[in-house]
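Participant: Predicted coordinates and the sequence they were generated for:
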Amino acid sequence: MKKILIDDDLTDLAKEYKSLLDVNSDNPKPLERLEALKVNLENLDKKYEEYIDEVIDCYKDHNLIELLPSKFDKLYEDHFSRFHEDDNFSLSRKFTKIKDEEEKKCTQPFYMHIVNALGYDRVRSNIFPQFMLRLGIRSCVYCNSTFAVATSKSNSSYRLTYSLDHYMPKNKYPFLAVSFFNLYPCCQPCNSTKSTKSPYWRLYTENPNEELNPFRFRFKSGTLMKYEISWDNDDLEIEFTNKDGTHDVGAAKKYDDYFHTESLYNNFKPEIEEVLWKRKIYNSTMLDILRTTLPKEINADDYVRLIIGNYTSEKDILRRPLAKLMQDLAKEIF
């Protein structure tokens with residue numbers, strides 16, 4: 001719902017992320033695990049060994065973990081498309097791992113053996129959360145209506161983790177399973193909605209001139225007047241539009257068709273109603289009282305944040321659910 005520009009700070013973060021993948025831990029490094037696959041998978045055909053070799057080469061020589069999104073397609077075309085052109089090759093073909101970490105046999109689709117060898121579970125539970133928190137991402141990047149964070153149990157303790165979507169689906173692009181710019185924090189409903197469909201919304205952009213906040217929520221024409229007569233929140237309706245306010249055309253229409261955003265957000269009528277109540281309550285007199293009673297360290301933006309109950313800056317939209325909705329409606333009515 002909001003794009004993030006890939007700048008020098010973000011590429012440095014991706015480098016730091018990769019360094020943690022390669023640090024010695026209780027588990028072997030990704031390259032060691034990939035090499036071991038060629039030995040540990042039963043009845044592995046030569047073409048599947050070649051696929052693993054391509055993943056290893058890309059990891060070492062093509063900056064696979066820090067790879068920019070604009071290079072995803074070319075990497076696939078140059079190194080992996082030939083496998084999919086072979087009718088005898090399938091990433092879904094099941095292989096048995098002779099010996100896994102628990103000394104048990106493990107039968108999975110081939111692509112999942114690649115995903116596991118790259119250390120996806122460790123990334124999701126131990127490594128990735130700290131980088132998303134540093135980026136200020138806590139809500140679903142697709143709908144912004146709920147948190148993308150959860151807890152996972154490791155031994156006897158619990159830790160923060162994320163529900164993650166692979167922008168390029170891991171069942172077709174397992175080599176990108178832990179690539180920094182291919183992992184999107186999201187809620188489970190959006191993850192299920194997208195599933196393995198062709199990706200549409202790209203969270204990251206490399207274009208400094210691209211609009212980072214291209215969409216807008218607004219009250220449907222006439223709905224405010226109707227509500228202030230009835231005071232029934234069933235009369236409230238919002239629209240999901242392009243930033244210029246156009247509806248049912250362009251990017252907003254495609255996004256809504258994909259994620260059903262407008263329908264989802266019209267279920268938040270009590271929250272929308274509260275914004276209208278606050279407009280009535282927080283008149284100039286009330287604001288003056290707040291300024292004299294709250295600590296002087298609280299600045300003007302903080303006052304607005306207190307009033308609307310959410311972050312007020314576009315850069316903070318992904319920090320809290322419904323931030324986008326509350327910001328847009330507050331701009332319209334305050």
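Facilitator: Yep, that arrived. Numbers count the residues shown, from 1 in each chain.

Participant: Please point out which parts of the helix or strand where R122 lies sit buried.
Facilitator: Using DSSP states H and E, R122 falls within helix 120-122. Using 16 or more other C-beta atoms under 10 Å as the test for burial, helix 120-122 gives Y120, R122. All C-beta atoms are positioned from the backbone trio N, CA, C, and that covers glycine.

Participant: can you check stretch 319-332 too?
Facilitator: Result for stretch 319-332 [16+ other C-beta under 10 Å]: buried residues R319, R320, P321, L322, A323, K324, L325, M326, Q327, D328, L329, A330.

Participant: what does that stretch rub up against?
Facilitator: Residues outside stretch 319-332 that contact it (C-beta atoms under 8 Å, 6 or more residues apart in numbering): 1-2, 136-140, 144-147, 215-219, 238, 265, 268, 271-272, 275, 304, 307-312, 314, 316-317.

Participant: And for stretch 206-218?
Facilitator: So stretch 206-218 is contacted by 1-7, 68-70, 205, 238-243, 245, 251-252, 255, 265, 314, 317, 324-325, 328-329, 332 (C-beta under 8 Å, 6+ apart).

Participant: which is the next helix or strand following the helix holding R122?
Facilitator: Sequence order places helix 128-135 as the next helix or strand after helix 120-122, per DSSP H and E.

Participant: What's the mean pLDDT across that next one?
Facilitator: Averaging pLDDT along helix 128-135 yields 91.

Participant: do stretch 232-245 as well
Facilitator: Average pLDDT, stretch 232-245: 95.

Participant: any residues touching that stretch, and which ones?
Facilitator: Residues outside stretch 232-245 that contact it (C-beta under 8 Å, 6+ apart): 211, 213-220, 223, 226-227, 247, 249-252, 255-256, 261-262, 265-266, 269-270, 272-273, 276, 325, 329.

Participant: List the ones among the contacts of stretch 206-218 that fall in helices.
Facilitator: Per DSSP state H, helices hold the following members of the contacts of stretch 206-218: A251, A252, Y255, Y265, K324, L325, D328, L329, E332.

Participant: pull the CA atoms of stretch 243-251 into CSV?
Facilitator: The C-alpha coordinates for stretch 243-251 follow below in CSV (Å, rounded to 0.1, in the frame of the first residue of the first chain):
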residue,chain,number,x,y,z
LYS,A,243,-3.9,9.7,-5.1
ASP,A,244,-5.6,12.2,-7.5
GLY,A,245,-9.0,10.9,-6.3
THR,A,246,-9.9,9.0,-9.5
HIS,A,247,-11.8,5.8,-8.8
ASP,A,248,-12.3,2.6,-10.7
VAL,A,249,-9.4,3.3,-13.0
GLY,A,250,-5.6,2.8,-13.1
ALA,A,251,-3.5,1.4,-10.3
